[in-house]
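Undergrad: Pasting the sequence and the predicted model now:
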Amino acid sequence: MRRGLVAVAVLAAVTAVGCDDGTGVRVVVKGAAPATPYSGPLYVPTKAVDGSSTRSLLLASGAAGRALECDGEIFDGGGPDGWSKSDGGDTPEEGLKLYFDMFQPAQPDHGYRVERREADRVLYSFDVKGRTKVAVVVAKDQKDRPGWGPETNASCDPAELPATFTAAQGWEIWTDRVGRRVPVSLLSSSPGAEHCGWQSGHLLTLGERTYLRDPEGVLGRDGLLKAPYRKDVTMPADARDTGYHYRGWHLWLTDDKDTAYVRTADGVEAWPQEKHGIGCQ
């Protein structure tokens with residue numbers, strides 16, 4: 001999603017004067033004002049809609065969603081879900097910090113700058129290469145909520161955030177054949193849940209299909225696989241290289257996409273599809 005403007009990146013300015021979160025890390029940093037900041041209204045009525053479609057997230061995230069400069073679509077966003085009378089901050093910066101304290105979002109919690117400021121609202125943006133990837137609007141003295149606190153928020157796909165941040169968060173970001181980071185909304189992977197006893201397994205989700213790596217049989221034992229996982233197979237003649245890779249894994253698929261073939265330094269593994277929605281109690 002684009003809004004036709006160029007913002008000034010300030011990630012390198014984390015030592016500039018700003019709001020300290022108590023650990024010496026600047027939640028808000030100061031940098032040169034953008035030549036053309038987001039020019040839309042800072043208050044856009046929101047509407048909670050079930051689902052995570054682009055339309056639903058834009059309806060829910062108000063001005064924050066419209067302030068993003070994503071390469072792809074909006075990934076996450078939300079609207080007023082607020083603070084009590086005793087929570088509101090005395091300054092906009094305290095209102096932004098309250099957002100992280102309340103919601104603990106999977107987003108960077110420092111390195112933001114003021115993109116727009118009005119009497120009762122401030123738009124904060126987290127920029128990557130001069131483009132807004134996370135936006136938070138804080139507002140003052142809303143109904144039954146005195147002081148400053150978060151009003152709307154939105155973020156781009158994690159693959160558009162800095163690699164140092166996504167690695168620290170445990171995101172496994174795949175890349176394509178030319179080294180571009182692949183959106184997790186398209187392709188994602190993760191270890192199996194430890195609390196389920198599945199940590200030796202691995203999940204790979206591509207679109208609406210999820211494939212499972214199960215070298216110790218923990219997933220097959222629970223009946224989650226459509227077929228057995230195979231550690232060493234011959235690559236099918238009709239398999240094609242998707243170009244997607246993560247560390248030493250390279251993803252190949254056949255036309256029917258029933259099995260994911262993962263080429264490694266040791267050979268080829270066959271990851272079967274899940275039988276039904278994966279989950280454990």
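TA: Great, that's in hand.
Undergrad: C-alpha from now on. contacts and neighbour counts both.
TA: Will do.
Undergrad: By mean pLDDT, which helix or strand of this protein comes out lowest?
TA: Within the chain, confidence by mean pLDDT, DSSP states H and E is lowest for strand 19-20 among all helices and strands, at a mean of 45.
Undergrad: Can you name the secondary structure element that comes next after that one?
TA: Later in the chain than strand 19-20, the nearest helix or strand by DSSP states H and E is strand 26-28.
Undergrad: Show the low-confidence segments of the protein, by residue range.
TA: When the per-residue scores of the chain are filtered using pLDDT under 70, the ranges that remain are 1-25, 31-35, 82-83, 281.
Undergrad: what about the residue of it positioned farthest from its centre, which helix or strand?
TA: Among the residues of the chain, the one whose C-alpha is farthest from the average of all C-alpha positions is Ala237, by Cα atoms, centre = their mean at 36.0 Å. In this structure, Ala237 is located outside every helix and strand according to DSSP H and E.
Undergrad: Quick check on it: phi, psi?
TA: Taking degrees, to the nearest 10, you get phi -60, psi -30 for the backbone angles of Ala237.
Undergrad: and it, what does it touch?
TA: With contacts taken as Cα atoms under 8 Å, 6 or more residues apart in numbering, Ala237 has no neighbouring residues.
Undergrad: The one 4 residues further on too?
TA: Neighbour list for Asp241: His250, Leu251, Trp252, Leu253 [criterion: Cα under 8 Å, 6+ apart].
Undergrad: And the first one, how far from Leu186?
TA: Okay, so that is His250. Spatial separation of His250 from Leu186 under the definition Cα to Cα, to the nearest Å is 16 Å.
Undergrad: So which residues of the protein form strands?
TA: Secondary structure of the chain (DSSP state E): strands located at 19-20, 26-28, 74-78, 113-117, 121-128, 131-142, 145-156, 187-191, 202-206, 209-213, 240-246, 249-253, 259-264, 267-272.
Undergrad: could you dump those strands to TSV with distance to Tyr99?
TA: Formatted as TSV, the entries for those read as follows, by distance: least, Cα to Cα, whole Å:
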stretch	distance to Tyr99
strand 19-20	14
strand 26-28	11
strand 74-78	11
strand 113-117	15
strand 121-128	11
strand 131-142	8
strand 145-156	5
strand 187-191	27
strand 202-206	30
strand 209-213	33
strand 240-246	33
strand 249-253	37
strand 259-264	40
strand 267-272	40
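Undergrad: quick one, which of those is nearest to Leu57?
TA: Go through these one by one with Cα to Cα and the one that ends up closest to Leu57 is strand 74-78, at 5.5 Å.
Undergrad: Paired strands for the closest one, with orientation please.
TA: Within its sheet, strand 74-78 is paired with strand 145-156 (antiparallel), according to DSSP bridges.
Undergrad: what number of residues lie near Gly170?
TA: A total of 10 residues lie near Gly170 under the criterion other Cα atoms under 10 Å.
Undergrad: Return the distance of it relative to Glu69.
TA: Plainly put, Gly170 is 24 Å away from Glu69 if you go by Cα to Cα.
Undergrad: got it, and Val134?
TA: When Cα to Cα is applied, the distance between Val134 and Glu69 equals 9 Å.
Undergrad: Neighbour count: these two, which is higher?
TA: The residue with more neighbours, out of Val134 and Glu69, is Val134; 31 against 27, by other Cα under 10 Å.
Undergrad: For Thr54, see how far away the more buried one is.
TA: When Val134 is compared with Thr54 (using Cα to Cα), they lie 15 Å apart.
Undergrad: and what of Asp141?
TA: Using Cα to Cα, Asp141 is found at 30 Å from Thr54.
Undergrad: for Thr132, same thing?
TA: If you measure Thr132 against Thr54 using Cα to Cα, the figure is 17 Å.
Undergrad: of these two, who's got more company?
TA: Using other Cα under 10 Å, the more surrounded residue of Thr132 and Thr54 is Thr132, with 29 against 16.
Undergrad: Wait, that one touches Arg66, no?
TA: No. Thr132 is beyond contact range of Arg66, at 10.4 Å (criterion: Cα atoms under 8 Å).
Undergrad: Touching both of Val134 and Glu69, which residues are there?
TA: With contacts taken as Cα under 8 Å, 6+ apart, Val134 and Glu69 have Cys156 as neighbours in common.
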